[in-house]
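S.K.: Have a look; sequence and predicted model below, questions after that.
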Amino acid sequence: MEVFAVTIFVSLMFAVLFAALFLAERTQKRRGSLEQVALLPLDDCGRVSSPISTETHSHDQHLRHQSPR
């Protein structure tokens, strides 16, 4: 009978932990997760909200300034 009580107690503690972590996540400032940021190029709204990588940008500028051969 003690095992049953301990099992219920541990289950309730996991439920409380889950609820607390869930509420903490919901109240945090909206930061995009990696999955959301990765899917931004497929967004149909037409707005770009992800920062452009400076490495790609500087590489593109370098290619534009090269003289044609």
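M.R.: Yep, that arrived. Numbers count the residues shown, from 1 in each chain.
S.K.: Give me the three-state assignment for C45.
M.R.: coil (DSSP: H, G, I helix; E, B strand; the rest coil).
S.K.: What's the separation between it and M13?
M.R.: Counting by Cβ to Cβ, to the nearest Å, the gap from C45 to M13 is 42 Å. Every C-beta, even on glycine, is put in place using the N, C-alpha and C of the backbone.
S.K.: Counting neighbours, go ahead and name the busier of the two.
M.R.: M13 (10 against 7; other Cβ atoms under 10 Å).
S.K.: Measure how buried L40 is and give me the count.
M.R.: For L40, the neighbour count with other Cβ under 10 Å is 13.
S.K.: An error on my part: the question was meant for A5.
M.R.: Using other Cβ under 10 Å, A5 is surrounded by 9 other residues.
S.K.: Please apply the same query to L42.
M.R.: 6.
S.K.: and the gap between it and L23?
M.R.: According to Cβ to Cβ, L42 and L23 sit 30 Å apart.
S.K.: Equivalent analysis for T7, please.
M.R.: Relative to L23, and taking Cβ to Cβ, T7 is found at 25 Å.
S.K.: now swap in V10 and tell me
M.R.: For V10, the distance to L23 - Cβ to Cβ - is 21 Å.
S.K.: what do you get for I8?
M.R.: Distance of I8 to L23, computed by Cβ to Cβ: 23 Å.
S.K.: Then A15?
M.R.: In terms of Cβ to Cβ, A15 sits 13 Å off from L23.
S.K.: now A5
M.R.: A5 is 27 Å from L23, by Cβ to Cβ.
S.K.: Low-confidence ranges, the protein, go.
M.R.: 29-32, 43, 46-69 (pLDDT under 70).
S.K.: State which helix of it is the longest.
M.R.: helix 2-27 (DSSP state H).
S.K.: elements contacting that one?
M.R.: With contacts taken as 3 or more Cβ pairs under 8 Å, 6 or more residues apart in numbering; DSSP states H and E, helix 2-27 sits against no other helix or strand.
S.K.: Mind checking what helix or strand follows that helix in sequence?
M.R.: Downstream of helix 2-27, the next assigned helix or strand under DSSP states H and E is helix 34-39.
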